[in-house]
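Here is the input, now give the coordinates:
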Amino acid sequence: MVQYPIGLVVQAPGRRSRLLALLGVLFPLKMLLGLPALVIVYVASLLGGILAWITYAVVTVTGRMPEGLENLLRKVLEWSSWSLAWLWGVTDLYPVLGSSPGPGPGEGDTERVYTLTVESAPRRSRILALLGFVSLKNLLLLPQLVVFVFVYLAAAVTAWVGFWIVLFTGRMPPGLHAFLAGAVRWNVRIGAWSWGLCDRYPPFALRD
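Okay, here's the model as predicted:
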């Protein structure tokens, strides 16, 4: 099987923060703590939409995506997905604007707890770019979005259950962590395709 061009790996730490788990159980409190990041995510997502539209115009004419625009879109996608991962308890590393999600508390010096990879393609589909430029491309995402609504709801419930488990044990079961990381990965791939970072349609899958 050919690997999908958009990858996301979230390391599962051995010990988890019981304080963050308590805030997660009382979810509005964790939302409040994450409010600065979520506001920035909202603004960054609006910026990402504008950048994607500009990128579509360039790709429609040239068939190539400028490296600078690609890097900006990747950073916005990384930031927004990192915030969702923190909110769901996939990682305890708080998303800080301008930083990279590197080693977390108790992790090795070189281990990255959150790694988003975007495989750059030398040529891009001008047809998809044109559809994106005239705001028709996202209609093709409707099957993905219909399915992902149920995945999102399941992930939200799973995250809340996971907070309870961490609160009492200090650890998250590997299966729960893998499912939540997979949901974030799916969300990332939908966003990446919507913004033109990848021309290959997202798979209906949680795995990497």
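
Assign a three-state SS to the closest residue to residue 129 other than its chain neighbours, would you?
Among residues not flanking residue 129 along the chain, residue 59 sits closest, at 3.7 Å (CB to CB, 6 or more residues apart in numbering). Glycine gets a C-beta too; all of them are placed from N, C-alpha and C. Assigned with DSSP: H, G, I helix; E, B strand; the rest coil, residue 59 falls in the helix class.

Report the contact partners of residue 59.
Each residue near residue 59 by CB atoms under 8 Å, 6 or more residues apart in numbering is listed here: 65, 124-126, 129, 196.

Output these in TSV; the columns should cover neighbour count, distance to residue 75 and secondary structure.
What follows is the contacts of residue 59, written out as TSV (neighbours: other CB atoms under 10 Å; distance: CB to CB, whole Å; DSSP: H, G, I helix; E, B strand; the rest coil):
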residue	neighbour count	distance to residue 75	secondary structure
65	22	14	coil
124	23	19	coil
125	16	23	coil
126	16	25	helix
129	24	21	helix
196	26	15	coil
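
Could you let me know which of these ends up closest to residue 157?
residue 196 (32.2 Å; CB to CB).

show me the contacts for that closest one.
52, 55-56, 59, 65, 73, 124, 128-129, 132.

7 Å instead, please
Applying CB atoms under 7 Å, 6 or more residues apart in numbering to residue 196 gives the contacts 52, 55-56, 59, 65, 129, 132.

Remind me which helix or strand the residue nearest to residue 152 when sequence neighbours are not counted belongs to.
Among residues not flanking residue 152 along the chain, residue 183 sits closest, at 6.8 Å (CB to CB, 6+ apart). Per DSSP states H and E, residue 183 falls inside helix 174-194.

Return the distance of that helix from the chain's centre.
From the chain centre to the centre of helix 174-194 is a distance of 7 Å (CA atoms, centre = their mean, to the nearest Å).

Quick one: classify the spatially most central residue of the chain as helix, strand or coil.
Ranked by distance to the mean C-alpha position of the chain (CA atoms, centre = their mean), the top residue is residue 81 at 2.7 Å. Following three-state DSSP, we place residue 81 in the helix state.

Over to residue 153?
Going by three-state DSSP: residue 153 is helix.

Same question for residue 161.
Per three-state DSSP, residue 161 ends up helix.

Any figure for the gap between it and residue 127?
Per CB to CB, to the nearest Å, residue 161 is found 43 Å from residue 127.

Likewise for residue 32?
For residue 32 relative to residue 127 (CB to CB), the value is 44 Å.

Give me the contact list for the lowest-mean-pLDDT helix or strand in the chain.
Sorting the helices and strands of the chain by mean pLDDT, DSSP states H and E puts strand 114-118 at the bottom, at a mean of 84. Applying CB under 7 Å, 6+ apart, the contact partners of strand 114-118 are 5-10, 74, 77-78, 81-82, 85, 91, 93, 101, 188, 192, 197.

Which of those residues fall in helices?
Within those, residues falling in helices by DSSP state H are 74, 77-78, 81-82, 85, 188, 192.

got any ranges where the protein has weak pLDDT?
For the chain, the stretches flagged by pLDDT under 70 are 1-2, 97-113.

Quickly note the distance from the residue of it most remote from its centre to residue 122.
Residue farthest from the centre of the chain, counting by CA atoms, centre = their mean, is residue 61 at 28.9 Å. Residue 61 sits 16 Å away from residue 122, going by CB to CB.
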